[in-house]
Every structure is written in C-alpha cells, then in structure tokens.
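turn this into a model:
(one chain, ligands or ions: 2)
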Amino acid sequence: MNPLPLVALVGNPNAGKSALFNALTGARQKVGNYPGVTVERKSGRFSLDDGRPVELVDLPGTYSLDPGSPDEAVTRDVVTGHQAGERPPAAIVIVVDAGNLDNHLRFALQLVALGLPTVMALNMVDMAERDGLTIDAEMLSRELGIPVVPTVAVRRRGLDELRAALGKAVGSNAAPEVAEAAEHSSYTALQRRARAIAAAATTRPEVTRDAAERIDRVLLHPVAGLAILLALLFVMFQAVFAWSEAPIGWIEDGFSVIQGAATDALPAGLLRSLVVDGLIAGVGSVVVFLPQILILFLFILVLEASGYMVRAAFLMDKLMAGVGLSGRAFIPLLSSFACAIPGIMATRTIDDPKDRLTTILIAPLMTCSARLPVYAVIIGAFIPARDMGYGIGLQGLVLFGLYIAGILGAMAAAFILRRTVTRGAAGTFMMELPRYQWPDPRDILIGLAQRAWIFLRRAGTLILAASLLLWLLLSFPQAPEGRSQVEYSAAGCIASVLEPVVRPIGFNHEIALAIIPAMAAREVAVAALGTVYSIESDDETVLEQTVTERLSGRWPLPTALAFLMWFVFAPQCLSTIAVIRRETNSWRWPLFALGYLFVLAYIAAGATFWTATALGLG
Ligand SMILES: Nc1nc2c(ncn2[C@@H]2O[C@H](COP(=O)(O)OP(=O)(O)OP(=O)(O)O)[C@@H](O)[C@H]2O)c(=O)[nH]1
Ligand SMILES: [Mg+2]
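Ligands and ions are numbered 1, 2, ... in the order given. A predicted model of the protein is given here:
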C-alpha cells in the first residue's frame, strides 16, 4: 500500500500551526498563546479539494533550519527528509503570523529555498486587521514565488482556499520559481530581505497599537507587575476552595447514594467490603476533587490563552536568572503545575543541555494537580475554615503557602544544582511577547473537558487498580477476633517496617501505610486513608462520612503539617520518573531525582514537625 503523501506545517512558534492543524484535521491538539506549545510531531489526516487524502504533521515552531533545541531538531529533520523512519514531505505549509511578517518571513525564506512544493498560510489576518494592517497577499506570493493564502485558523477562514492550493502543490514537482540559495545566506542577508518584502507587502496605519503597550507598562513593571502576578495566584487558590464547596457536595452525595445502594444490595461479607470499602471509597475519595482541579485549570487556561503567561515568564526572569535558570524554563515549570510529565517534555524548547537538565530535575517540585486532593483532604480536616478578614480564607491561604513552598524549594534546588551537578552559565531570555487575545470560551471549555477526562480516566484505571490492590493487602490475612484488621493485614505489616523510619518526622502507622501506594500516584494516598478507615470501623455511620470528616482531629496538627510538607517534596509518582528517564536517556538522572527529592522531603517534613511541636501546635 502506498503511504499517504505527507504535508508538514512549519513556521515560527506561536504562528497558529496547531490551530490550523486542528481546523484541517478536526483534531484537538493543544494550542496556547505562547511560543513552545507543541514539542512533538503530531499527525492527522485530511482531504484535499479533489478528495485525495493526505497525512498532515504539526511540528514544533522554530526560528530557522539550524536548530538549537531538541524540539527544533525534529522540525528540521522532518522538513529536510532526514527524520528516521519518515518519508520526505510531498509539500510544506509555511504558517506565518500576518501581523509579525518581518520576523516570520526570515524563516519562510529559508524554507522556500529548499525547493519543495510549498504553500504559505498567511495566518491571523484578523489580528493584523485589528491592528490596522493591510497585507497584500498577491504581492507576497509574487515575491516569494509560492501561493499565499490568507487564513484565520481559529475561525476556520481560508481553509478551502488552502486545500485548493495544496491540491495543486502536492504531486507537482515544480520547484518554486524563486529558489535562491537562501538556505545558505547569512542571517543578516535573510533578515534584510525579509524586512524588505514585509515592508512592501504591508500597509501600516499612522497610529500603532498602543493599548497593548500601555497594559504591558503596568503588567511588566518590576514592582506593580509582580504584585499583580502574586494577587492573581492568590485569588486562584482562594477560588479553589471558595467556589468548589457546592459541586463537591453534589459529588459526595452521589457517592453516598451509590455506597448506600451497594451496601443494601450486597450481603455483608468480603464482596460487600470489596465494593464498598475498596472500590467506591477509594475512587470516590479522589473523584470529589474534580471541581477543585477544574477551577485551577480554568485559571491556567484563561491566563495561557490571553497571552499573560509569557508576561509572567518575563517577570520571573530575574528571579530565575538569580538561581541560574534560563527564562525559558518558566513555561515548562508552569506546565508542571498541571502535571510534571508535560512540563518535563516542554523542556525540549530549552537549547542549553545543562539548563534543560536542571529544569527537568526541579519540575517535580512544582505542585502538580495530583497533589491537590491530598492537600485538600488534609487542609479540610486539620485547618479550620476561618475567615481572616477581607474575605480571605485560612484554608486558601495554607494552600497558597504550599504552592509557594514548592516554588521556593525548586528555586533552592536549582541554585544548588547549578553550582554542583549541572554547573554552567545560564542562558538568556529570548521570547517574543504574544499579542493579547480574549480567550475563546469554546477553547476553554474544550480544555476543561480534556482535563476532566484525564482526571476521571486516571480515577477509573490507575486509582481504581491501586484501590483494589490496597483493599486486598488490607483485608488479608484476616485478623483473628480482637485484633485490628489494618495492623494484622499484609499492608499493615509492610507499613510496620517503614514506620520506624518515618516516626522521627512525626508520621504514624496510617501515614506509613498511605505513602507506599502513593508512590504510584499521589492521589492514592487519599484513597488509602479512605479505605483504611472504612475497613477499620464496623460502625455503619462511618460510611456516610467523607475522608476529610473521618480524619478530622485524628492526628496531631504537627503530624498533619509534616504530611503536607512531605507531599510538597517527595517524588511520589512513577510516571514522572519514567519520563525523566526517557527525556535524559539514562537511568542516572531519574535515580538522582528520586534520591534528592526523598532526602528533601524527609528533611522538610521533619523540620516542619519539630518546629510545629516546639511552637506548641500539637
Ligand atoms: N485571532 C487569531 N488567533 C489565532 C489564529 N491562529 C491561532 N491563533 C491563536 O494563536 C495562539 C497560538 O496558536 P498555536 O496554534 O498554539 O500556535 P503554534 O504555531 O502551534 O505554536 P507552537 O506550538 O508554540 O509552535 C493561540 O492562542 C491560538 O488560539 C488566528 O488565525 N487568529
Ligand atoms: Mg503548536
């Protein structure tokens, strides 16, 4: 069978390649208003105007064909046909930002010079129009010697014309007419030519966009900007608690109904315990955190889509440089707030290997969303929901503190790593500021639905399996009359071995038991506590309680705080270790990360426990 002709989307970062890819193929690849969203080759299919199917690949954005970072190397290899196991492209689509032509044309000239059948998508013409620019697509087409199609990827404008132009290009061997040796021309020569073409094709208005500049003068201000960033984060964490109460209640009610029904339907015995204490209690205790996770992502998605995130990166650049990180590390670190895995993959945009390695090693310290259930349970059970005045809640404040602790820990770790294992000079910050955009509610909803799906799928697979295994280990061997089942069980025995090790940092037997399965995924700690208390009590009323209610007041406060600190630092996630292994191509760094994070977690939890005890909080 003949493979489908390959068409590659290439261009500068943030030009709208992924948006165009989604519009053409119906896929839902992540788009975001900052450079470096796509770090891997993604492919899909669509049909040309004459019905011929083609395979379309979406590539990471690059600035030239002589790449510095690993993601850019992918792009070059695909375009030049050197990618192992990949056929050379039948055509390429150069995606450029119409409002940023002089920058984007430089790379476009290099690409045109390759002599492949080429079409240009002059994207974001809507934004250019908003800024009052008029662009002469025909003149561009004449200058470059390739068809130029104006598009608005997010409104699906220009797609038919693009398909038609590609239909002519795919299968034609005709090299473009103006195939100069631009591939090898110097940077300045290319730049000069790009500027000249852009100037000839663009009509600029008298007044330029100064609204954005005025906004930036405030948002990028070293003091005011930083204050706004902190305030934003603060509001975000308050909202996580303040807005989630009602929906969490509904989910809890739903699970109690299911639990009640299962209790009535099944005869008392092991099967009922398995279903009620193991599966429903385990999965239910995690799923109730869906609303909080969605609130967190609502903020992150809106900030990403608006163009604010890169401003935040810019603000943090000084601080990051101070600890020896490049400003480029900001976006990967920020993605790690969702999950360290995409965060670590996003480090592919960092060209300096030592910069990149440092970022990979500290990414697990950013508070990923899997920690939220753990934090929320412990905060809910041990920190009173007190109003601190001005509508500031104590619980949100503690959560904010935990996130800050993770960030400070990461900065401290980077500082030390940069002076020891990953010594070297820090790279400089070079990132274009994207234009401000109103987030599209539809995009945000799709993004939220995707996050909800990822979370529920995890609950239905990983967490379900872990809960099942845990129930087995907690239920067997069966304790004789008068002995505690949890203590007597296999899990209890394993925990007893670990307990002496964690006793000095204030942990008890239950915690020792919860942190072992949480190695697979952090949320399992919550499921584990839920199951432990469910099995331990014969009291039917316990079933009606949430994990938070069951835990309330059971541990001394210093223990609860130490437990939180443990989760700030401990590398409780196997997938992250696996990704570090893959991205660094060796076992050395994942093992190093495991080691240093466990040591850090132990010290931080211990210090917290003893400080809190000394302060008389117990
Ligand atoms: N107004 C407008 N916005 C667009 C258009 N195309 C893309 N965008 C927005 O521009 C931003 C960047 O789009 P992406 O598709 O992620 O850009 P990309 O070229 O894939 O970027 P990288 O993956 O970082 O190389 C997103 O916020 C999109 O919603 C367009 O035609 N008009
Ligand atoms: Mg992309």
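
who's in contact with the strand or helix carrying G530?
Using DSSP states H and E, G530 sits in helix 524-536. The contact list for helix 524-536 (C-beta atoms under 8 Å, 6 or more residues apart in numbering) reads 273, 276-278, 281-286, 373-374, 377, 462-463, 466-467, 470-471, 474-475, 484-486, 510, 513-515, 517-518, 542-543, 547, 550-551, 567, 572. Bear in mind the C-beta positions are built from the backbone N, C-alpha and C, glycine included.

what's the spacing between whatever residue of the stretch 101-250 of the chain ends up closest to ligand 2 and F567?
Ligand 2 sits closest to A153 of the stretch 101-250 of the chain, with a gap of 10.6 Å, by C-beta to the ion. Distance of A153 to F567, given as C-beta to C-beta, to the nearest Å: 40 Å.

swap in R554?
Per C-beta to C-beta, R554 is found 17 Å from F567.

likewise for A495?
A495 is 17 Å from F567, by C-beta to C-beta.

neighbour count: the two, which is higher?
A495 (27 against 22; other C-beta atoms under 10 Å).

now the more buried one, nearest residue through space, not along the chain?
Excluding its sequence neighbours, the residue lying closest to A495 (C-beta to C-beta, 6 or more residues apart in numbering) is L513, at 3.8 Å.

that neighbour contacts G492, correct?
Yes - under the criterion of C-beta atoms under 8 Å, L513 makes contact with G492 at 6.8 Å.

which residues do these two both contact?
With C-beta under 8 Å, 6+ apart, L513 and G492 have common neighbours V486.

what about those two, which has more around it?
The neighbour count for L513 versus G492, taken as other C-beta under 10 Å, is higher for L513 (29 against 21).

check what pLDDT that one gets.
On pLDDT, L513 comes in at 90.

packing partners for whatever helix or strand it lives in?
In this structure, L513 is located in helix 509-515 according to DSSP H and E. Applying 3 or more C-beta pairs under 8 Å, 6 or more residues apart in numbering; DSSP states H and E, we find helix 509-515 packed against helix 485-488, helix 490-502, helix 524-536, helix 557-569.

what's the closest of these to ligand 1?
helix 557-569 (30.2 Å; C-beta to the nearest ligand atom).

now the chain, which segments are flagged as low pLDDT?
By pLDDT under 70, the low-scoring segments of the chain are 1-2, 67, 173-185, 206-209, 426-430, 537-544, 618.

can you pull the residues of it lying near ligand 1?
Taking C-beta under 6 Å from any ligand atom, the part of the chain that reaches ligand 1 is made up of 13-19, 31-33, 35-38, 60-61, 123-124, 126-127, 152-154, 305, 437.

restricted to strands, list those.
N123 (DSSP state E).

would you quantify the distance from E304 to M411?
From E304 over to M411 the distance is 22 Å, taken as C-beta to C-beta.

quick one: which of those two has more around it?
E304 (25 against 20).

how many neighbours does the nearest residue to the more buried one once chain neighbours are set aside have?
Counting by C-beta to C-beta, 6+ apart, the nearest residue to E304 once its immediate chain neighbours are dropped is G32, at 4.6 Å. Applying other C-beta under 10 Å, we find 24 residues neighbouring G32.

my guess is F46 contacts V57. True?
No - F46 is beyond contact range of V57, at 11.6 Å (criterion: C-beta under 8 Å).

isn't D50 right next to G167, touching?
Yes - with contacts counted by C-beta under 8 Å, D50 reaches G167, the gap being 5.2 Å.

okay, the two: which has more neighbours?
For D50 and G167, the more surrounded residue by other C-beta under 10 Å is G167, and the numbers stand at 19 against 11.

contact partners for the more buried one?
Contact partners of G167, counting by C-beta under 8 Å, 6+ apart, are 48-50, 52.

kindly recompute the last result at 6 Å.
Taking C-beta atoms under 6 Å, 6 or more residues apart in numbering, we find G167 in contact with 48-50.

tell me which of these is nearest to V398?
V398 lies nearest to L48 out of the contacts of G167, by C-beta to C-beta, at 56.8 Å.

report how many residues lie close to the closest one.
So L48, with other C-beta under 10 Å, has 21 neighbours.

with the one 3 residues further on instead?
One way to gauge burial is a neighbour count; for G51, by other C-beta under 10 Å, it gives 7.

residue contacts, it?
Counting by C-beta under 6 Å, 6+ apart, G51 makes contact with nothing.

how about it, secondary structure?
Three-state call for G51 (DSSP: H, G, I helix; E, B strand; the rest coil): coil.

going forward, begin numbering at 444 instead of 1
OK, 444 is where the count begins now, so the last one is G494.

excluding its backbone neighbours, what's nearest the residue in the stretch 694-843 of the chain positioned nearest to ligand 1?
Ligand 1 sits closest to A748 of the stretch 694-843 of the chain, with a gap of 5.4 Å, by C-beta to the nearest ligand atom. Among residues not flanking A748 along the chain, P882 sits closest, at 3.7 Å (C-beta to C-beta, 6+ apart).
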